[in-house]
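Visitor: Predicted coordinates and the sequence they were generated for:
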Amino acid sequence: MNALLYLLVALTWGSSFLFAKIGLEGLAPQQVATVRTVLGALTLVLVLLATRRRWPREPRVWGHLLVVSVFLNAVPSSLMAWAEQTVPSGLASIYNATTPITTLAALAVLVPSERLRGRQVVGIVLGIVGVLVLVGPWDVIGDPAVLASVPGQAALLGMTACYGIGLAYLRRVAVGSAYDPVTLATVQLTLASGLLLLVAPVVATGPARWDWRIVVAMLALGCVGTGLAYAWNTRLVQAWGAGRASTVTYLTPVVGVALGVLVLGEHVRWNEPVGGAVVLVGIALASGVFTGRRAASTAAA
């Protein structure tokens, strides 16, 4: 059963970039970010009620999770939707695989006990090299289409930086918490939904066009990719531990690139899989895969 959930998480998070791309066919970027977050929050609230979990009552808990919701949900979902206006969904999924690198760097700053070792520093540097290969500076100069996607690629790096900060902060405040991960994730998404709905009248404006493809894509992205996948991943962490569960990161780019090519007919430049492979090697080195020890980091989408 856990192996099936592992595959479901990989497929769900890997396909999130495809569904966001389809959503952008009729919705503005901030509308996509808002709809997916609200649907994810509603889904987890139903899970919370069905399992009779209780909401936190301490203001301090809500305050900490408000910070987490900004960096782990509201801002990165907005950056992802904005970036996919110019960046292929497959390439976006590859960039998402850099999340463990940014998480390790953020942990070193926010969690004093998580100091970087020499091996981890080498892995982070290698990951940065992989990102440079992904961007392909040689193509930026000669190809206007690639040049136009550079701001979007920078936004995706901002997305993974937010994920890293959010995960590190969550690690800092969640250790010893009286609340289980499903409850914490529900509060995060609820707060993120409130923030996005608050600014929606200003930044999520414009006409919206709905057809069956867009509706299905947003339901999949919101209810499953932003909602249920959190619960599935929580069960994997409880059953396998955070280190083993986080290896789903290695599969999501494969799913994302494959769906982009097969469904959307996206073109993959040679440097994208090469850069992605370099990033994954850097992640493996930094997280201790080569030494049998894995860091407790989890990617999101």
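Guide: All right, it came through fine. Numbering: from 1, shown residues only.
Visitor: Please count neighbours and contacts with C-alpha atoms only from this point.
Guide: Will do.
Visitor: Show the contacting residues for G130.
Guide: Neighbouring residues of G130 by C-alpha atoms under 8 Å, 6 or more residues apart in numbering: V274, G275, G276, A277, V278, V279.
Visitor: Report the buried residues of the helix or strand harbouring R172.
Guide: Using DSSP states H and E, R172 falls within helix 144-174. Neighbour-count burial for helix 144-174 flags 146-147, 149-150, 152-153, 155-171, 174 (criterion: 16 or more other C-alpha atoms under 10 Å).
Visitor: and stretch 93-101, how far from the chain's centre?
Guide: 8 Å (C-alpha atoms, centre = their mean, to the nearest Å).
Visitor: pLDDT (mean, whole number) over that stretch?
Guide: Model confidence over stretch 93-101, given as mean pLDDT, is 80.
Visitor: gap between G63 and V187?
Guide: 11 Å (C-alpha to C-alpha, to the nearest Å).
Visitor: Can you pick out the residue with more neighbours from these two?
Guide: V187 (24 against 12; other C-alpha atoms under 10 Å).
Visitor: Report the secondary structure state of that one.
Guide: helix (DSSP: H, G, I helix; E, B strand; the rest coil).
Visitor: and it, what pLDDT?
Guide: Reported pLDDT for V187: 92.
Visitor: what about the nearest residue to it once chain neighbours are set aside, neighbour count?
Guide: Counting by C-alpha to C-alpha, 6 or more residues apart in numbering, V187 lies nearest to L65, which is 7.0 Å off, once chain neighbours are set aside. L65 sits with 27 neighbouring residues when counted by other C-alpha under 10 Å.
Visitor: before we move on, what about the one 4 residues further on?
Guide: When neighbours are defined as other C-alpha under 10 Å, S69 has 26 of them.
Visitor: What distance do you get for it to I283?
Guide: Distance from S69 to I283, by C-alpha to C-alpha: 25 Å.
Visitor: same question, R36
Guide: 28 Å.
Visitor: Comparing the two, which residue is more hemmed in?
Guide: Per other C-alpha under 10 Å, whichever of R36 and I283 has more neighbours is I283, with 31 against 26.
Visitor: For that one, give me its contacts.
Guide: I283 makes contact with T98, P100, I101, G123, I124, G127, according to C-alpha under 8 Å, 6+ apart.
Visitor: Just among those residues, which is most surrounded?
Guide: Going by other C-alpha under 10 Å, P100 tops these with 33 neighbours.
Visitor: For the helix or strand hosting it, list every residue counted as buried.
Guide: Assigned by DSSP H and E, P100 belongs to helix 99-110. If you call a residue buried by 16+ other C-alpha under 10 Å, then helix 99-110 has these buried ones: T99, P100, I101, T102, T103, L104, A105, A106, L107, A108, V109.
Visitor: Show me which of those is closest to V215.
Guide: T99 (28.4 Å; C-alpha to C-alpha).
Visitor: Skipping adjacent residues, who's closest to the closest one in space?
Guide: T160 (5.0 Å).
Visitor: Now do the same contact list for that neighbour.
Guide: T160 sits in contact with P76, Y95, N96, T98, T99, T102, where contact means C-alpha under 8 Å, 6+ apart.
Visitor: Ok, T205 next?
Guide: A28, Q31.
Visitor: again, 10 Å this time
Guide: L27, A28, P29, Q30, Q31, V199 (C-alpha atoms under 10 Å, 6 or more residues apart in numbering).
Visitor: Tell me the pLDDT of the last one.
Guide: This means V199. 94.
Visitor: List just the nearest of the contacts of T160 to E58.
Guide: Closest to E58 out of the contacts of T160 is P76 (26.3 Å), distances taken as C-alpha to C-alpha.
Visitor: Run through the neighbouring helices and strands of the helix or strand encompassing the closest one.
Guide: Here P76 sits within helix 75-83, counting by DSSP H and E. Packing partners of helix 75-83 (3 or more C-alpha pairs under 10 Å, 6 or more residues apart in numbering; DSSP states H and E): helix 2-23, helix 29-50, helix 89-96, helix 144-174, helix 181-203.
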